[in-house]
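Trainee: predicted model, plus sequence, below.
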Amino acid sequence: MQRLKIDFVSDVACPWCAIGLGGLIAAVDRLAGKLEVELTFQPFELNRNMPPEGENLGEHMVAKYELTAAQIAENNAQITALAAEPA
C-alpha cells in the first residue's frame, strides 16, 4: 500500500482551515484501503499581533479587511453554508 505524509498547517481559529480539514479527512476516508495517510498538524498563527485577552472579531474584520457589518455578516453566512455541506 502506498503511504503519504501530510503536514496540515493551520490556525485553530480559522474557519477556512476547519473547512479544509473536513475535506481532507473526507478524501483520506475515501482512499481507505488504497492509501495509508500519516496526518501531522502544524500550528500557524494568522494574527501574531493578537493581544492575550483577544479582540472583538467584528472590529478585527473591519480594521483588517475594511468590511462593513453587512459584508461581515454575508461572509459569515457563506462560511457557515460551506461548512455545513458534506465533504
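Mentor: On my side now, so go ahead. Numbering: from 1, shown residues only.
Trainee: excluding chain neighbours, what is closest to Val12?
Mentor: With CB to CB, 6 or more residues apart in numbering as the criterion, Val12 has its nearest non-adjacent residue at 7.6 Å, and that residue is Pro43. C-beta: built from backbone N, CA, C; applies to glycine.
Trainee: that neighbour contacts Asp11, doesn't it?
Mentor: Yes: because the distance of 7.4 Å satisfies CB atoms under 8 Å, Pro43 is recorded as touching Asp11.
Trainee: the two: which is more packed in?
Mentor: Neighbours were tallied for Pro43 and for Asp11 using other CB atoms under 10 Å; the higher tally belongs to Asp11 (14 against 8).
Trainee: for Ala13, see how far away the spatially closest residue to that one that is not a sequence neighbour is.
Mentor: Closest residue to Asp11 apart from its sequence neighbours, by CB to CB, 6+ apart: Leu46 at 4.3 Å. As judged by CB to CB, to the nearest Å, Leu46 and Ala13 stand 7 Å apart.
Trainee: quickly list the domain ranges of this structure.
Mentor: Annotated domains of the chain cover 1-46, 54-87 [automatic domain parsing].
Trainee: worst mean pLDDT among the ones you listed?
Mentor: Of all these, mean pLDDT reaches its minimum on domain 54-87 (a mean of 90).
Trainee: so which bits of it are buried?
Mentor: Residues of domain 54-87 classed as buried by neighbour count (16 or more other CB atoms under 10 Å): 61, 72.
Trainee: gap between the residue nearest the centre of the chain and Gln42?
Mentor: Centroid check for the chain by CA atoms, centre = their mean gives Cys17 as the closest residue, at 1.3 Å. As judged by CB to CB, Cys17 and Gln42 stand 11 Å apart.
Trainee: residue contacts, the residue nearest to Val12?
Mentor: 9-12 (CB atoms under 8 Å, 6 or more residues apart in numbering).
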